[in-house]
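**Q** build me a model:
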Amino acid sequence: RRWHISLNTWFRDYLYIPLGGSRCGKLKRVRNTFAVFLVSGLWHGANWTFVFGNRARALIPAASPNEAFLFAQRGFGAHENPLFKAMPIGVDMVPFANVKRTYVLAPADSTSGGPELLHQLVYTLNTLGAQADIVYYGADHSSPPPAYSRYVKGSVPFGEIEDSEENLIVVPEVSIHLLSRFKKAAKAIWWLSVDNFYILYRDKSFDALSFLFRTQGFFAVLKRLLKISIKHISFASPAIQQARAHLCQSHYAMDWCKRHGLTKVYGLSDYLADDYLGLTPEVAQKEDLVVYNPKKGASFTKKLIRASPDLTFAPIIGMSRQEVIRLLLRAKVYIDFGNHPGKDRIPREARMAGCVVVTGTDGAARFDADVPIQEKIPARSENIRTIWNLIGAVMSDYATFNSRQSAYAEQIKREKGDFVSQVKSLWGL
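**A** Residues are numbered from 1 along each chain as shown. Okay, the predicted model is just below:
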């Protein structure tokens, strides 16, 4: 793909994969691993200490699939990310190493956090020298939304996807039904949200049944309907079970996949746009203002507002990105008592703008690795007074609470580098 490639990439493309890679029996996989480390030892020095040293190192990944995957992470320079450490092992070390071209499917004309992440993956893969394309579904056009022109310049029409064994198709969890159209290409499901999957494939029974009838057949679905719920039927579909990999944007999604019996689960997180990563909030500009997203936890938030007449609340509604940034830079507090279907972006954007983030405990907010803050209170009526007191304390002593969430801000700043490392590890770049 390029004249200059890394040593890891050379070993993978010209030694490990030609020998059979990880797609062969256990003995051959051990042989292939030993061969790579043997040649690596010779490359590092024409001395038997290098040869024996690297053969000893090969014993670690060859002996245990668990250690093999952890070793692969270190070998490809993965950041010490908690999401990496939680990744299940015993699967392909580099699941997409043989992929020639990656197609990432995204909903057309949508500019929420999930679609932006899909575009970021295409951008990152292309930047690293791989071949990746965005593919829109739901509309017949090829122009990306203006907000995402920084990531991609164009797209591939849905009908022009090359359904080849060398290619990979990545879909978000809300578009699993589209995978049934492809017979040869490898498939990966990216669990950007757990909740949206439920909404589409369980709550909307017509959509769920249509999907199940297409993937399993009428009588098979009818038989299962008599026994279990749509939630469980959907998980029995080949489109999910036969995916080469399940990519998880959050610990919440990873935990959920494990509990539902999915294997081949990997972490692939996300990162904020540079507009937020480069913010420099100033304490002098902060006001006693509470910002919230009216689309999240609306019922409970309304109760909180009615019970807090002495606090000033400002909704994020009908604003451009720059208008949202200006509002967050003024506010001391951002609240989110809705469900967190994944690592939501607005709480992280608020933190980068210097807001003290206060959340409930639903969804990803329940996991400290996803939302590492102490200011979490369950969204229940009996807790409204406690939340009111907490917000008042932040207004009175903003500096202390802001400092207490500094680690959260540092984690957000590292996410871009972590994401690149994860992509390198998964695609073997």
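
**Q** so V194 makes contact with K343?
**A** No: contact between V194 and K343 fails when scored by C-beta atoms under 8 Å: they sit 11.6 Å apart. Using the backbone N, CA and C atoms, a C-beta is placed for each residue, glycine as well.

**Q** joint contacts of the two?
**A** Taking C-beta atoms under 8 Å, 6 or more residues apart in numbering as the criterion, V194 and K343 both touch Y252.

**Q** quick one, which of those two is more surrounded?
**A** Neighbour count, other C-beta atoms under 10 Å: between V194 and K343, K343 has more, with 28 against 24.

**Q** which pLDDT value goes with that one?
**A** K343 carries a pLDDT score of 92 in this model.

**Q** I'd say it and G363 touch.
**A** No: counting by C-beta under 8 Å, no contact exists between K343 and G363, whose distance comes to 9.7 Å.

**Q** give me the common contacts of those two.
**A** Each of Y252 lies in contact with both K343 and G363 under the rule C-beta under 8 Å, 6+ apart.

**Q** name the helix or strand for I134, please.
**A** I134 belongs to strand 132-137 when assigned by DSSP states H and E.

**Q** ok, now Y334?
**A** With elements delineated by DSSP H and E, Y334 resides in strand 331-336, which encompasses its position.

**Q** what's next to the helix or strand following that strand, contact-wise?
**A** Scanning forward in sequence from strand 331-336 by DSSP H and E, the next helix or strand is helix 345-352. Residues outside helix 345-352 that contact it (C-beta under 8 Å, 6+ apart): 113, 116, 270, 272, 276-277, 279, 281, 291, 293, 316, 324-325, 328, 331, 334, 336, 340, 357, 359, 371, 405, 408-409, 412-413.

**Q** report the buried members of the residues you listed.
**A** Under a neighbour-count criterion of 16 or more other C-beta atoms under 10 Å, the subset of those counted as buried comprises 113, 116, 270, 272, 276-277, 279, 281, 291, 293, 316, 324-325, 328, 331, 334, 336, 340, 357, 359, 371, 405, 408-409, 412.

**Q** can you tell me which of those are in strands?
**A** With strands defined by DSSP state E, the entries of the buried ones among the contacts of helix 345-352 inside them are 291, 331, 334, 336, 357, 359.

**Q** grab the nearest non-local neighbour of the first one.
**A** If I follow you right, that is V291. Leaving out its chain neighbours, the residue that sits closest to V291 by C-beta to C-beta, 6 or more residues apart in numbering is A331, at 4.4 Å.

**Q** ditto for the third one
**A** On the basis of C-beta to C-beta, 6+ apart, the spatially nearest residue to Y334 that is not a chain neighbour turns out to be A350, at 3.5 Å.

**Q** so for stretch 257-270, what gets flagged as buried?
**A** 257, 262, 264-270.

**Q** and of those, the nearest to Q422?
**A** Set against Q422, the nearest of these by C-beta to C-beta is L268 (5.3 Å).

**Q** the closest one: what's it in contact with?
**A** By C-beta under 8 Å, 6+ apart, the neighbours of L268 are 121, 190, 247-249, 419, 422-423, 426.

**Q** could you list which of those belong to helices?
**A** With helices identified by DSSP state H, the entries of the contacts of L268 that belong to them are 121, 419, 422-423, 426.

**Q** are any of these buried, and which?
**A** The neighbour count (16+ other C-beta under 10 Å) marks 121, 419, 422-423, 426 as buried among the ones in helices among the contacts of L268.

**Q** adding pLDDT and distance to N98, write the residues you listed out as a markdown table.
**A** Rendered in a markdown table, the data for those read as follows (pLDDT from 0 to 100; distance: C-beta to C-beta, whole Å):
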| residue | pLDDT | distance to N98 |
| --- | --- | --- |
| L121 | 96 | 18 |
| F419 | 94 | 22 |
| Q422 | 93 | 18 |
| V423 | 94 | 16 |
| L426 | 93 | 12 |
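
**Q** now render these as a markdown table, adding distance to I391.
**A** Conversion of these to a markdown table gives the following (distance: C-beta to C-beta, whole Å):
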| residue | distance to I391 |
| --- | --- |
| L121 | 37 |
| F419 | 32 |
| Q422 | 36 |
| V423 | 39 |
| L426 | 41 |
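
**Q** what's the closest of those residues to D310?
**A** The shortest approach to D310 among those belongs to F419, at 41.4 Å (C-beta to C-beta).

**Q** cool, thanks, talk later.
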